[in-house]
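In: Next input, structure requested:
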Amino acid sequence: MLQVRRGAERGYFDHGWLQTYHTFSFADYQDPAWVQFGPLRVINDDRVSPGRGFGTHGHRDMEIITYILAGALEHKDSMGNGSVIRVGDVQRMSAGTGVTHSEFNPSEREAVHLLQIWIHPEVTRLAPGYEQKHYTDAEKRGRLRLIASRDGAAGSVTIHQDARLYAGLFDGAERGELEVAAPRRAWVHVARGALNVNGTTLAAGDGAGTAGAARLVLEQGEDAEVLVFDLP
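Out: Okay, the predicted model is just below:
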């Protein structure tokens, strides 16, 4: 049975230059019913105006994954990394013992739409780390493509947690499945479009979780882009 979290029920803030939705408690949005889901701590759905961004700030003991849905985001950090993250890119930053970074929309015209995901690591006080990889639409079309995992399987980025993150694109008759073994759990986040998950229709911004053994079936997509987390 799915535990559904509708997009309209999430925390929402309009900061002018930033429109952001919080699936789980974050900053000034605190909901004791939705603090985290297993080690999955944050899914922030952000839209950043052209020429604006997040100034230099710090993180510690968190696996941070950035997934771009539209536009581009410029990244700089205290490890010496500097890059522009574009559609199809997945960035992983392990904050570990401490890292500072900034994120900026370099476009003069186009907003950037991104998901920022935080996952608690298995072990704290790790050395900070950084990784960025690109996954084409063809790799995600009609299937769940592994994009993050503890062992870097199938060319995914490596995270310090026994979690697996998949991304998929589904439209029409395209169909994807994922077997989740007990005692693990799964979380589905629809980034755009709509699709049916185990008989429940989910639209953009909606999420759903299941605990214990489960077989997730994703089908009847309408230009859907979805992330699926297999979690301890």
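In: Can you verify E139 is assigned to a strand?
Out: No. Counting by DSSP: H, G, I helix; E, B strand; the rest coil, E139 is not part of a strand but helix.
In: What's the first helix or strand after the helix or strand E103 falls within?
Out: For E103, the host element (DSSP states H and E) is strand 99-104. Sequence-wise, the next helix or strand downstream of strand 99-104 (DSSP H and E) is strand 112-119.
In: Next secondary structure after that next one?
Out: Downstream of strand 112-119 (by DSSP H and E), the next one is strand 129-134.
In: which parts of that following strand are buried?
Out: G129, Y130, E131, Q132 (16 or more other Cβ atoms under 10 Å). Quick note: C-beta positions are derived from backbone N, CA and C, even for glycine.
In: quick one: strands adjacent to it?
Out: strand 89-94 (antiparallel) (DSSP bridges).
In: what's in contact with the partner strand?
Out: Outside strand 89-94, the residues within contact range by Cβ atoms under 8 Å, 6 or more residues apart in numbering are 59, 62-68, 75, 77, 83, 85, 99, 101, 121, 126-135, 147-148, 157-160, 167.
In: Show me what the mean pLDDT comes to for that strand.
Out: Strand 89-94 carries an average pLDDT of 98.
In: what's the angle between it and strand 112-119?
Out: With axes from the mean of the first three to the mean of the last three Cα atoms, to 10 degrees as the basis, strand 89-94 and strand 112-119 are set at 40 degrees to each other.
In: between strand 89-94 and strand 99-104, how many degrees?
Out: Going by the same axes, to 10 degrees, strand 89-94 is angled at 150 degrees with respect to strand 99-104.
In: ok, the residue nearest to the spatial centre of the chain to R92 distance?
Out: In the chain, the centroid-proximal residue (Cα atoms, centre = their mean) is I117; its distance is 4.3 Å. Taking Cβ to Cβ, to the nearest Å as the measure, I117 falls 10 Å from R92.
In: what number of residues lie near D14?
Out: 9 (other Cβ atoms under 10 Å).
In: Quick check: bridge partners of it?
Out: Beta-bridge partners, per DSSP bridges, of D14: Q19.
In: That one and L73: what is the separation?
Out: 19 Å.
In: ok, now G16?
Out: In terms of Cβ to Cβ, G16 sits 18 Å off from L73.
In: Pick out whichever of the two has more residues nearby.
Out: The neighbour comparison of G16 against L73 (other Cβ under 10 Å) goes to L73, with 25 against 7.
In: shouldn't that one be in contact with I85?
Out: Yes. At 4.7 Å, L73 counts as touching I85 under the criterion of Cβ atoms under 8 Å.
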